[in-house]
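Engineer: fold the following.
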Amino acid sequence: MWIELATEASPAAQFAPPADPAAIDRIERRLGRPVPADLRVLLLETDGILGEFDEGIVWTAERIAADNASFRADPSFARLYEPFDKLLFFGDNDGGDQFAVVPGEPGAGVLVWEHETDTRRRVADDLADYLRRILSTDGDEWYVEEDEDE
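Structural biologist: A predicted model of the protein is given here:
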């Protein structure tokens, strides 16, 4: 289902073999938060999705665990940014902005964390909506807000 959806949005999308279920379980143990069902099913179908230019549309299970743990443990991040504990980052735009879900809050949709401003806002209704948007658009214009002064 997920590979088909992503391929329809972008035939250039690249897919990894399925994740080992134990790798997904490690995310949950390491972060102390459940992996949302839709992300779990996606990872069991393909352990990550790369965009046309190798952007990390959906990271591997190992990267999800490692990057989220690093964000939570980095003392410089704690000084610079609001806490990341509620977020589960799973992808990026290859320019610093990260995409996340809030486990246990399916209505929150997919959020972007803009690293330069520490802004966190909803950019997609769910994982399927996120994949359709990010894979069918060039660059980051699909989620960047226009400056009202322009």
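
Engineer: when you work out contacts or count neighbours from here on, use the C-alpha atoms and nothing else.
Structural biologist: Will do.

Engineer: ok but Pro83 is inside a helix, no?
Structural biologist: No: counting by DSSP: H, G, I helix; E, B strand; the rest coil, one finds Pro83 to be coil, located in no helix.

Engineer: excluding chain neighbours, what is closest to Lys86?
Structural biologist: Val102 (5.9 Å; C-alpha to C-alpha, 6 or more residues apart in numbering).

Engineer: residues touching that neighbour, list them.
Structural biologist: When the contact criterion is C-alpha atoms under 8 Å, 6 or more residues apart in numbering, the partners of Val102 are Lys86, Leu87, Leu88, Ala108, Gly109, Val110.

Engineer: what about these, which are in strands?
Structural biologist: Using DSSP state E, Leu88, Val110 are the members of the contacts of Val102 that sit in strands.

Engineer: wait, which of the contacts of Val102 is closest to Asn68?
Structural biologist: Relative to Asn68, the closest of the contacts of Val102 is Leu88; by C-alpha to C-alpha it sits at 6.7 Å.

Engineer: any chance you could map the strands in this structure?
Structural biologist: With strands called from DSSP E, the chain shows them at 14-15, 49-50, 56-58, 88-92, 98-101, 110-114, 119-124.

Engineer: these: which one's closest to Leu131?
Structural biologist: Across the strands of the chain, closest to Leu131 is strand 56-58 (C-alpha to C-alpha), at 7.8 Å.

Engineer: for the record, mean pLDDT for that closest one?
Structural biologist: Averaged across strand 56-58, pLDDT comes to 97.

Engineer: ok, the nearest residue to Ala100 once chain neighbours are set aside to Phe15 distance?
Structural biologist: In space, and not counting its chain neighbours, Ala100 is closest to Phe89: 4.0 Å by C-alpha to C-alpha, 6+ apart. With distances taken as C-alpha to C-alpha, to the nearest Å, Phe89 is found 19 Å from Phe15.

Engineer: give me the number of residues near the residue nearest to Arg30 when sequence neighbours are not counted?
Structural biologist: Leaving aside its sequence neighbours, Arg30 sits nearest to Ala65 (C-alpha to C-alpha, 6+ apart; 6.8 Å). Using other C-alpha atoms under 10 Å as the criterion, Ala65 is surrounded by 23 other residues.
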